[in-house]
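A.B. asks: Starting from these lines, generate the structure:
(one chain, ligands or ions: 2)
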Amino acid sequence: MPVPALPPFPDDVPTHPLLIIDYEQLKAGNPDEIDRLWGAATGLGFCLKNHGVQNEVDGMFEMGEATMKLPMGEKMKYEQGDEGTSFGYKAAGANAVDASGTLDTVEFINIAKDDAFAWPKTARRAYPPTVNERMDSTVVPFIKKSTEINTTLLNVFNAKLGLPDGELAKRHPDYEFSGSEARTIKNPKNMPKERTAIGAHTDFGSLSFLHNRLGGLQVLPPGVDEWQYVRPISGHAICNVGDALAVLSGGILHSNIHRVIPPPGAQANYERWSQVFFTRPGDSTILEPLSSLSPVVAEAAKNNTDKQLDTGGVTANEWFTRRIKNQRIKNRKGPETWEASRGTEQGRA
Ligand SMILES: O=C(O)CCC(=O)C(=O)O
Ligand SMILES: [Fe+2]
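C.D. replies: Numbering: from 1, shown residues only. Ligands and ions are numbered 1, 2, ... in the order given. Below you'll find the model as predicted:
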């Protein structure tokens, strides 16, 4: 399916620059590119070019369109539920976007990495036929390639953090269930300008690999009090460090606070589609700094005054379940439910 012609991202809105990293150079082990990645990952943030997943991303958008066009009754058969499981369909308005319980406006379909790797067997749950029909051609290749890219990035971070070889990868094994998933998101066109689509948050896991066609993603960098747009660049993926990696690294890597609002300018007249792959640690991984494995991490953890990095030693699965569950509007009792959904962004947004 051809990519639709869309109005350009406007020039008159505040934007946050990301460093462009060449994935082919990283894979080839180019030391300069590895240093640039490390500078960006511990600084402004980065996006990847030459990632080789664009065809699969376009295919995922096509899957998303076919899925969201299904009758609501059909989509609700695959709903994620209120118990803190993320996989499946999430209807618009099922989550809060803030402490006062304002409803979100996006619908999305989450597909577990465990199901893609087990396909044609089921590991975690069933999906709509629009997903199953595209598992072989699109979903499985998208998830496999995205996993490989995130593993390459994790291995670079592993070395730069002074960890013994493979320690981060070991915490993201293919044989253990995890919260890793693909997400295809739709925000309707012509939404009121200020209507938040996805509330301010940090990502829950280790790394997010995000593909945007239109603007609307905003970040709140440390020390800045105005939200900044991230300008989408065709064929480039935006990469986000999540809470799990922030904790494991003793705060050397930090998770960015971000949110989604309707696209700026003339782009607001179009549906906003985004595609993400979230790499999250294996369910049993304890979320605490890897201080015993690296003096670099130990030193950073010792000097880090950010209380939010102290998870109390919960597992990745506990962390993830708590955050998902308390976002659900059906579980809301009051502002405290939103507070209970927070991760390392607590107190920062
Ligand atoms: O749609 C986007 O650009 C970002 C989505 C996002 O932040 C998320 O799903 O965690
Ligand atoms: Fe996010």
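A.B. asks: Find the nearest non-adjacent residue to I324, please.
C.D. replies: Leaving aside its chain neighbours, I324 sits nearest to G84 (4.6 Å; criterion: C-beta to C-beta, 6 or more residues apart in numbering). (Each C-beta comes from the backbone N, C-alpha and C, glycine too.)
A.B. asks: Within range of ligand 1, give me the residues from the stretch 151-300 of the chain.
C.D. replies: R183, I185, I198, D203, L210, N212, L217, H258, V260, S274, V276 (C-beta under 6 Å from any ligand atom).
A.B. asks: How about the secondary structure of the residue of the stretch 151-300 of the chain found nearest ligand 1?
C.D. replies: Across the stretch 151-300 of the chain, no residue is closer to ligand 1 than S274, which sits at 3.3 Å (C-beta to the nearest ligand atom). Assigned with DSSP: H, G, I helix; E, B strand; the rest coil, S274 falls in the strand class.
A.B. asks: That one: what's it in contact with?
C.D. replies: Taking C-beta atoms under 8 Å, 6 or more residues apart in numbering, we find S274 in contact with T184, I185, L210, H211, N212, R213, L217, V260.
A.B. asks: likewise L6?
C.D. replies: Contacts of L6 (C-beta under 8 Å, 6+ apart): R213, L214, Q267, Y270.
A.B. asks: Can I take it that the second one is in a helix?
C.D. replies: No: under three-state DSSP, L214 sits outside any helix and is assigned coil.
A.B. asks: what's the spacing between it and A200?
C.D. replies: The gap separating L214 from A200 is 19 Å, by C-beta to C-beta, to the nearest Å.
A.B. asks: related to what we said a few turns ago, so the residue nearest to I324 is in contact with W319, correct?
C.D. replies: No: look at G84 against W319 with C-beta atoms under 8 Å: they stay out of range, at 10.4 Å.
A.B. asks: Is it correct that P8 falls within a helix?
C.D. replies: No: according to three-state DSSP, P8 belongs to no helix; its state is coil.
A.B. asks: Let me know the pLDDT of it.
C.D. replies: We have a pLDDT of 94 for P8.
A.B. asks: what's the burial count for it?
C.D. replies: Neighbour count of P8, defined by other C-beta atoms under 10 Å: 10.
A.B. asks: cool, L103 as well?
C.D. replies: 15.
A.B. asks: was I right about it contacting N95?
C.D. replies: Yes: using C-beta under 8 Å, L103 is in contact with N95, at 7.4 Å.
A.B. asks: Tell me the residues that contact both of those two, please.
C.D. replies: With C-beta under 8 Å, 6+ apart as the test, L103 and N95 both reach I329.
A.B. asks: coming back round to it: where does the residue nearest to I324 land on pLDDT?
C.D. replies: 95.
A.B. asks: any chance you could map the helices in the stretch 51-200 of the chain?
C.D. replies: Remark: helices assigned in the stretch 51-200 of the chain by DSSP state H, counting those that start in this stretch are 54-68, 72-76, 113-118, 129-132, 140-160, 167-170.
A.B. asks: Next, format those helices as JSON lines and append distance to N240.
C.D. replies: Converted to JSON lines, these look like this (distance: least, C-beta to C-beta, whole Å):
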{"stretch": "helix 54-68", "distance to N240": "16"}
{"stretch": "helix 72-76", "distance to N240": "27"}
{"stretch": "helix 113-118", "distance to N240": "17"}
{"stretch": "helix 129-132", "distance to N240": "24"}
{"stretch": "helix 140-160", "distance to N240": "11"}
{"stretch": "helix 167-170", "distance to N240": "16"}
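A.B. asks: Could you export these as CSV, including mean pLDDT and mean neighbour count?
C.D. replies: Shown next, in CSV, are the helices of the stretch 51-200 of the chain (pLDDT from 0 to 100; neighbours: other C-beta atoms under 10 Å):
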stretch, mean pLDDT, mean neighbour count
helix 54-68, 98, 20
helix 72-76, 98, 13
helix 113-118, 98, 21
helix 129-132, 98, 17
helix 140-160, 97, 20
helix 167-170, 98, 18
